[in-house]
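1. Provided below are the primary sequence and the corresponding predicted coordinates.
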Amino acid sequence: MKLSTRSSYGLRAAIALAHRFDQPAQTVAVLAEENAIPRRYLEQILNRLRRKGLVEANRGPKGGYRLAQPPARITVGDIVRAVEGDLEPVLCSQPEHRSSDCRTVSQCLSRRLCHQLENTLLTVLDGTTLEDLAGSHPVLVSLRLER
C-alpha cells in the first residue's frame, strides 16, 4: 500500500501540530513552510481535518490551527480517513468484480488474504497515535528540543 500525497501531507501537518499541542495555534503559512507542503493544498487538508473534528481553526491575528484533541487520542487511521474518506480494499485480485460489497463476494479467490491484509493494516493505522509518531522520530525530537 502507498499513502497518497494527501494522506502524507495530512499526517505531516498533524504530527507537527502534535509537537506543539500545548502551544498557540499554528498558521497555515508556518505549517506549510516548515513541512514543505504547498499552502493551498494544506488549507484543503486542514479543512477536511477540521470538519472531522480533529483540528480546530481560530481566525484573527493570533489565529491558526491546533489539534482538537490530545495527540494520544488521534490515530493515524483517523487522519487518513479524514483526508481520504473510507479506505478501499487493500488488495483486489478481481478488480472487474469490485463493488461496494466486494468484501463479502463469496466467489472472490483472494478474499481471505485480502481480509487479513486489510485487518492488519487497519490494526496498525488505528493502533498508532499521533503521540506515538511525534515522540518517536529522532530528527523531529531533536528539532523540537532546539526550538
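-> Arrived safely.

2. E56 should be in a strand, yeah?
-> Yes: the assignment for E56 by DSSP: H, G, I helix; E, B strand; the rest coil puts it in a strand.

3. what's the distance between it and E33?
-> According to Cβ to Cβ, to the nearest Å, E56 stands 21 Å off from E33. (Each C-beta comes from the backbone N, C-alpha and C, glycine too.)

4. go on, P61?
-> In this view, P61 and E33 are 18 Å apart by Cβ to Cβ.

5. who's more crowded, those two?
-> E33 (12 against 4; other Cβ atoms under 10 Å).

6. For the helix or strand hosting the more buried one, report the contacting residues that lie outside it.
-> In this assignment (DSSP states H and E), E33 forms part of helix 28-35. Under the contact criterion Cβ atoms under 8 Å, 6 or more residues apart in numbering, helix 28-35 has outside partners 9, 12-13, 16-17, 37-39, 42-43, 46, 64-65.

7. remind me which residues of the protein are low pLDDT?
-> 1-2, 89-107, 136-147 (pLDDT under 70).

8. now the helices for it?
-> Listed in chain order, the helices of the chain (DSSP state H) span 5-19, 28-35, 39-51, 76-84, 111-127, 130-136, 138-146.

9. TSV for the ones you listed, including distance to P70?
-> Listed next are the helices of the chain as TSV, based on distance: least, Cβ to Cβ, whole Å:
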stretch	distance to P70
helix 5-19	9
helix 28-35	19
helix 39-51	15
helix 76-84	13
helix 111-127	16
helix 130-136	7
helix 138-146	17
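
10. In contact with the residue nearest the centre of the chain, which residues are there?
-> Against the mean C-alpha coordinate of the chain, by Cα atoms, centre = their mean, the closest residue is I79 at 2.8 Å. Each residue near I79 by Cβ under 8 Å, 6+ apart is listed here: 7, 10-11, 14, 49, 54, 130.
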